[in-house]
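In: based on what follows, work out the 3D shape:
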Amino acid sequence: MPIISVIMGVYNCDNNSELIESIKSILNQSFKDLELIICDDGSTDDTYERLLEISKIDSRIRIIGYKENKGLAYALNECIKVSRGKYIARQDSDDISLSDRLEKELRIIENKNVDIVGTCAVVFNKNGEWGHYNVPEHPEKKDFLWNNPFIHPTVLMKKSSLQKVNGYLNTKINRRCEDYDLFMRMYANGFRGVNIAEYLYKYKIDEGKKKKRPMKYRIDEMRVRYKGFKELNMLKISSLFFVVKPIVIGLIPQFIFRKIRGNNYKKRK
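Out: Down below sits the predicted model:
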């Protein structure tokens, strides 16, 4: 049985070269005892057929799928259901894991009393690297107030801990923040995590094209924050701003929003 199950959800993947590069970054990890489970989330193009063809390059690749698009949370839960590893790692289809990412994460999760291990990330687009995504080394409950203190596709998690909180919640309000919700529920149930203060992941964000999320998704995130903060016993008068933060940001003009985000990503430790 593999030690690590890497899970990935894909939907209408139109850039085959990016997908293959992402997959190879997992297959070329210094830690070899893994499986890569890719779930086709009801693609309407030929993504599933291409995945089956790609899977022929390595026996560690497993492809699953279904006909109807049900969202990332559902796809990841399907991957977890068929996973054989003791640990669950995430990977996105257009990102790159550095070759020693899983080895370093595994060393920490096996030797420290933690349930989640993430990393910092280099931010890139088609023109190359343009920024850095930093997260706290030892996330505490209070770190969830401002933002998610973990970069979702960088994490390695204990499957047993993940199963104790019933995995990802596949609900309407979670459709753009299933990871934020998951990590808050894990912390509310006594689980803890750390981030490696190294850039072991390349995270694709095209800031020039990125648009603010529609207000309906911001309202959903506000509801997720309210629920999560309440479960973490952090729902106080002083935290109400953080509950409505997604709405406030949604009212900021687009060009200012892009500038703020861009400047945040360019900061390096």
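
In: next, the buried residues of the longest strand that the chain contains.
Out: Identified as the longest strand of the chain according to DSSP state E is strand 193-204. Neighbour-count burial for strand 193-204, with 16 or more other Cβ atoms under 10 Å as criterion, is recorded at Gly193, Val194, Asn195, Ile196, Tyr199, Leu200, Tyr201, Lys202, Tyr203, Lys204. Using the backbone N, CA and C atoms, a C-beta is placed for each residue, glycine as well.

In: check stretch 171-186 too.
Out: Residues 173-186 are the ones in stretch 171-186 that count as buried (16+ other Cβ under 10 Å).

In: now, among these, which is nearest to Gln254?
Out: Arg176 (17.8 Å; Cβ to Cβ).

In: what helix or strand is the closest residue to that closest one other than its chain neighbours located in?
Out: Spatial nearest neighbour of Arg176, excluding adjacent residues (Cβ to Cβ, 6 or more residues apart in numbering): Tyr217 at 4.7 Å. Counting by DSSP states H and E, the element that carries Tyr217 is helix 215-231.

In: which strands and helices sit next to that helix?
Out: With contacts taken as 3 or more Cβ pairs under 8 Å, 6 or more residues apart in numbering; DSSP states H and E, helix 215-231 sits against helix 178-188, helix 240-250.

In: ok, and what's touching the last one?
Out: The reference is to helix 240-250. Applying Cβ atoms under 8 Å, 6 or more residues apart in numbering, the contact partners of helix 240-250 are 145-146, 212-213, 215, 218-219, 221-222, 225-226, 229, 235, 257.

In: show me how far that helix is from its chain's centre.
Out: 22 Å (Cα atoms, centre = their mean, to the nearest Å).

In: buried residues in that helix?
Out: Phe242, Val243, Lys245, Pro246, Gly250.

In: picking that back up, mind putting the helices and strands packed on helix 215-231 into JSON lines with distance to Asn113?
Out: Compiled in JSON lines, the helices and strands packed on helix 215-231 are given as follows (distance: least, Cβ to Cβ, whole Å):
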{"stretch": "helix 178-188", "distance to Asn113": "14"}
{"stretch": "helix 240-250", "distance to Asn113": "28"}
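
In: and the ones you listed, which one is worst for confidence?
Out: Lowest mean pLDDT within the helices and strands packed on helix 215-231: helix 240-250, a mean of 91.
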